[in-house]
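Trainee: Fold the following and give me the result.
(3 chains)
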Amino acid sequence: MFKFEGANILSVQQFDRESIEYLFRIADAMQPYAHRHKRTHVLDGAILGNLFFEASTRTRVSFGTAFNLLGGHVRETTGLKSSALAKGESLYDTARVLSSYSDVIAMRHPDSGSVAEFATGSRVPVINGGDGANEHPTQALLDLYTIQKEQHAHQLGIDGMHIALIGDLKYGRTVHSLCQLLCLYKDLKITLISPAELAMPDKVISAIENAGHQCIITEQLEGHLDADIVYQTRIQQERFPSEQEANLYRGRFRLNQSIYTKHCKSNTVIMHPLPRDSRSDANELDNDLNLNPNLAIFRQADNGVLVRMALFAATLGVENLVNRYESEVRWYSNKGNTVN
Amino acid sequence: MFKFEGANILSVQQFDRESIEYLFRIADAMQPYAHRHKRTHVLDGAILGNLFFEASTRTRVSFGTAFNLLGGHVRETTGLKSSALAKGESLYDTARVLSSYSDVIAMRHPDSGSVAEFATGSRVPVINGGDGANEHPTQALLDLYTIQKEQHAHQLGIDGMHIALIGDLKYGRTVHSLCQLLCLYKDLKITLISPAELAMPDKVISAIENAGHQCIITEQLEGHLDADIVYQTRIQQERFPSEQEANLYRGRFRLNQSIYTKHCKSNTVIMHPLPRDSRSDANELDNDLNLNPNLAIFRQADNGVLVRMALFAATLGVENLVNRYESEVRWYSNKGNTVN
Amino acid sequence: MFKFEGANILSVQQFDRESIEYLFRIADAMQPYAHRHKRTHVLDGAILGNLFFEASTRTRVSFGTAFNLLGGHVRETTGLKSSALAKGESLYDTARVLSSYSDVIAMRHPDSGSVAEFATGSRVPVINGGDGANEHPTQALLDLYTIQKEQHAHQLGIDGMHIALIGDLKYGRTVHSLCQLLCLYKDLKITLISPAELAMPDKVISAIENAGHQCIITEQLEGHLDADIVYQTRIQQERFPSEQEANLYRGRFRLNQSIYTKHCKSNTVIMHPLPRDSRSDANELDNDLNLNPNLAIFRQADNGVLVRMALFAATLGVENLVNRYESEVRWYSNKGNTVN
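Mentor: The predicted model follows:
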C-alpha cells in the first residue's frame, strides 16, 4: 500500500485500490467533525500553507476548512502576480522558502507539472490542488468517494456499476482523473457523452478499455442516462483557446427534472464538480432538480472536506490520533441534519 | 423577542427594542475580552466564513477580529472576480457549498438583496456585512450602541435625545438603517442636514415622523449643531452615478474645532462611520478635533468589534458560556487604558 | 538596552549591540519550535494584524508563520487599492482603527516613512515590514543573525570578519540597513562591488568608515570574493525609474560554482535576500551552487522566522514565557533534519 505519511499527493496514479480504501475509511471517520457533532484538536499548532497561484474559491476554502477542522492554522497566498515567481524566482526556490513556513502545503497553479516541480524543493508534504490542464487528484478522489458513498446507500459497491460522463470530456481534467481511478475497479460500464469535438482523449479511453470496462461513446443524451451515476461537467472556459469556442458548446447537454424522469433510473445519482453554470444560456443542471433527492452535487462538495481532512491526517501521520484529541461542540449547529 | 440562536441577521427590521437591549448587554460583556483584560476560548474550533465579495478592509477585519476574540478560526474570501459567481454560479449554489465550510458566515456583496438570497441556500447563520445600497445592519447596530454608550456617560438614555445627521443622507445606507433603529425609541429630535440633492429619502422621513419623533430638515449647519449627537457622513463616491457628481458635494459640510466651539453644546458627541476623508478638498472632520474628548469616532469603530462579537455569540447560542471559557492575557497590552 | 516590550520596531537605528545580542538569544531559543521539535501556545488568543499594503509573499507569510508558531491568530490585509487609504483616510486614522483589531501589527507600505506615521496612531506595537525605499529592519536583523550563526559554525564572531556586498547597492535598502547594523561591530573589512551607477550611497560609506571599518569600493568581482560572507543582491526593478534602466544591470555580477571555486575561500558563505532571479538573463546565483554547503540563502530565509518570532515575543513581553507553554509535536515532520 502507498505510504501516506510524509508523502506528496501529486497524481491519481499514485493510488492503488487498497490505498484508496484506506483513505476513504479515514474520510468516513472525519464525518462527526465535519458535521459538528464533535471537534478535534489533533493538529493544534500545525500550519497549512494554502498556496493558490490560480484562483479557486471553493477548492481553496475547502482545503483551509479541512485543516481548521483538524485544529490547525492556515496561512494563505493567492494570485500569481503578487508572488516572487513574477520576479524570476524558480519554483524550486519558492518551495524551499515557503515550505519552511508550514507543515504541509496545498497548492494550485495554472501550469501543468508545476506542483510536482515545486514538490522537488519542498521540505514538507505537498498536495496538488490542481495544476492547469494536468491533474486535480483531490477532486477525483472526492468524486470517487461520493460514488462509493451514494452507491453504498443503495447497498451497492463500485464494481459492476454504470456511470455516464457528460459534456466537456476533452478539457475536463476531473473526468480524466476520475476515469483513471475507476480503472482500479472491475466490470464497469462507462458511457461518454459529448460533442465529437470535446470527446474524451484516446489515452483515457484506452485506459478504460484496458481495465476491462465496457466503454460507450456517443453524442446523444437520450438512451444513455439509465446509469447508476450521471456525472455532468462544466464548460471550462478558461481551458479553451477562446471564449467564442467555449460558447459554441455551452448549454449543449442540459439536464432537468423532465429529462431525468424520462431517461434516468428512479435512483440515478447526479453529480457535478461545481460550480454549475446556472446562466440561462448554459443551465447545465436545472434548478428544478434541487428538490430531487438524487441530486448529489452538494453532498459531493461536502465530501471534498472529508477527503481533504483524510489526506491531511494521513500525510501528517495522525489518522489514528484524531479521536484522541476530540471534544464537544458547544455552539449552535444543525449540520448533522443531513440535507440534499 | 427575536430569537438569535441559529438566525440570520439580514436587516435592522428584524429587531425590536427588547432584542436590541439584549444584544447590547452581550456587547457590554464583551469589553474585557476586546480590551485584553481577559480572553475567551468559547468558540475554539468554530469557523467563520468571512465572505467579502466587495472590498471593505475595516468591516472585514472587524468581523474577523471579533471571531478570533471569541476563540474561533476565520476563513476569508475577498473579491468578486476570483469567485465562482463569475463562472455563472447562482448565489444559492455558492451558499450551499460555502456554508458547509463554516459555522457562521459574514458576507458583504455589491448587490442589493444578495445576502438575503445567499441566506436561502445557507445551512449556517448569515450576517449581512453590507449588501450594496440596501442595508448594513451591523453598522447601524454599532452606531446605536455607540449613541447609547456615549449618552450613558452623560447619564442619559436614548429616549428624548437630539441627534443631527449631516452630509450625504441620500446614498448613505448607514444613516437610513440607523434612523430605522431610532424609530424604536421615544421622543427624539432628529435634524437632517444635507444639500437638497442628497436629502434623506421620503420613506425614511415618514418612518421617523410616524414614530412620533420631531424631524427637522435643513441645508444649514449653523443653528442645528446643538445636538446630543452629531453624526457626520462620508460622500460615498462608489454609490454615486459618477465621480464628478460625487465631487460636487465633497467638502460641503466640514466640521472643525472652531465650528464645534461656536455651534455645538459643550458635550456634543461627534460620530462618523469611517473612513473619514481627510484630503484637503473633503476634510469632513478636521484633524484639530482629534484632541476633543467628544470625538467618538474611534470608540465607535471599537464598538463595532463588541457588537459583532455579541452577534456571533448570540447567533451561535454561546452568549452565556463566554465567561466560562475565559483565561488571562499574558502578553503586553495597554488597550484597557481607554483613549479618545 | 532598548526596551522591547510595548515598543515599535521601525528602524535599525533603534538598536545597540546589547539589544541585538538580547534579541538573537531569543531567536536562538525559537529554533525548537520552528524546527517542530516542540510547539508553544504562549500567544494563544493574541491577534497579529498583518498589513501588507504592498505585495510581498515571503515577508508576509514569514510574519504570519512566526505568529502562528507562537500560538496566535493572524488577520491579514493585502493591497492598497482595496483599503480605506484609497478613500482619503489618513494613516493616523487607519492606525487608530486597525490597531484596535489586533495585539501587534506588522506592516509593509510602498511609501517611505509611512510605517512610522502609522505608528503614531497605533495603540499596539508596530513592526516595520518594509516602507518603500526607506527601511526593512527585520530583513537587516535576519541577515545579521545569519552572518553571526554561519560564522559561529566556523568558530568565529562578527568582529574582524570580511564581508563583500555585490550588485545593486544603490537601491537595495537591505544592504543599507545591514551596513548600519554592522557599524555596531568592530574591525570589519567591507567590500562593496557594484557598477559605478549603482554604487553604495555616500552616507552609508561614511557610516562604515566612521565605525572604523575598512571599506573597499570596486566594480570587479575578481580578487574581491575571498571574504567570509559574500552577499549577493537582486536588481530591484520596482525601485528603478524604468524597467529599461533595471535591465541594463541585470546579470552583471553572476556567481556560479566555477567562479566560487576560483575566487572564494573554501568556506565563504553565500547570502542573498531572496527571491533570487533565476531567469537566464539574470541568474544572480546559479543553480549549480545549490549543492554547495556554503550556500546559506535558504537558511537565511528560515532565520527570518526565528527573528520575527523573537521580535513578536519581545515586543509583547513574553520572551521568558515561551517554554512554559510548550507541548509536543504529534504530527509528521522532518524539519529538524537541517538541510542546505
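Trainee: C-alpha only now, for contacts and for neighbours.
Mentor: Fine.
Trainee: longest helix in chain A, by residue count?
Mentor: helix A:297-315 (DSSP state H).
Trainee: helices and strands around it, which ones?
Mentor: Helices and strands touching helix A:297-315, as assessed by 3 or more C-alpha pairs under 8 Å, 6 or more residues apart in numbering or on different chains; DSSP states H and E, comprise helix A:17-29, helix A:31-34, helix A:57-69, helix A:137-153, strand A:269-271, helix B:91-98.
Trainee: what about chain A, any weak spots by pLDDT?
Mentor: A:81-86, A:336-340 (pLDDT under 70).
Trainee: Show me how it divides into domains.
Mentor: For chain A, automatic domain parsing gives the domain ranges A:12-135+A:304-328, A:137-298.
Trainee: tell me the most buried of those domains?
Mentor: Using mean count of other C-alpha atoms under 10 Å in any protein chain shown, the stretch among the domains of chain A with the largest mean neighbour count is domain A:12-135+A:304-328, at a mean of 21.
Trainee: hey, where'd the strands end up in the stretch 201-340 of chain A?
Mentor: For the stretch 201-340 of chain A, the strands defined by DSSP state E, counting those that start in this stretch cover A:214-218, A:229-232, A:269-271, A:326-328.
Trainee: Distance of the residue nearest the centre of chain A relative to A:Ala301?
Mentor: Nearest to the centroid of the C-alpha atoms of chain A, with distances taken as C-alpha atoms, centre = their mean, sits A:Gln139, at 1.2 Å. With the distance defined as C-alpha to C-alpha, to the nearest Å, A:Gln139 ends up 9 Å from A:Ala301.
Trainee: related to what we said a few turns ago, of the domains of chain A, give the one that comes closest to B:Lys203.
Mentor: When those are ranked by distance to B:Lys203, counting by C-alpha to C-alpha, first place goes to domain A:137-298 at 34.7 Å.
Trainee: Up against chain B, what does the stretch 1-150 of chain A have?
Mentor: Applying the criterion C-alpha under 8 Å from any C-alpha of the partner chain, the portion of the stretch 1-150 of chain A that neighbours chain B consists of A:39-41, A:55-58, A:61-62, A:64-65, A:68-69, A:71.
Trainee: would JSON lines of the residues you listed with distance to C:Leu184 be doable?
Mentor: JSON lines is the format used below for those (distance: C-alpha to C-alpha, whole Å):
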{"residue": "A:Arg39", "distance to C:Leu184": "52"}
{"residue": "A:Thr40", "distance to C:Leu184": "49"}
{"residue": "A:His41", "distance to C:Leu184": "46"}
{"residue": "A:Ala55", "distance to C:Leu184": "46"}
{"residue": "A:Ser56", "distance to C:Leu184": "49"}
{"residue": "A:Thr57", "distance to C:Leu184": "49"}
{"residue": "A:Arg58", "distance to C:Leu184": "51"}
{"residue": "A:Val61", "distance to C:Leu184": "47"}
{"residue": "A:Ser62", "distance to C:Leu184": "49"}
{"residue": "A:Gly64", "distance to C:Leu184": "44"}
{"residue": "A:Thr65", "distance to C:Leu184": "47"}
{"residue": "A:Asn68", "distance to C:Leu184": "44"}
{"residue": "A:Leu69", "distance to C:Leu184": "48"}
{"residue": "A:Gly71", "distance to C:Leu184": "44"}
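Trainee: Now the residues you listed in TSV, please, with extra columns for distance to chain C.
Mentor: As requested, the residues of the stretch 1-150 of chain A next to chain B are exported to TSV (distance: C-alpha to the nearest C-alpha, whole Å):
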residue	distance to chain C
A:Arg39	17
A:Thr40	14
A:His41	11
A:Ala55	16
A:Ser56	18
A:Thr57	17
A:Arg58	20
A:Val61	16
A:Ser62	19
A:Gly64	14
A:Thr65	15
A:Asn68	12
A:Leu69	15
A:Gly71	12
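Trainee: Kindly reformat the strands of the stretch 201-340 of chain A as JSON lines containing distance to C:Val115.
Mentor: Below are the strands of the stretch 201-340 of chain A laid out as JSON lines (distance: least, C-alpha to C-alpha, whole Å):
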{"stretch": "strand A:214-218", "distance to C:Val115": "63"}
{"stretch": "strand A:229-232", "distance to C:Val115": "52"}
{"stretch": "strand A:269-271", "distance to C:Val115": "51"}
{"stretch": "strand A:326-328", "distance to C:Val115": "43"}
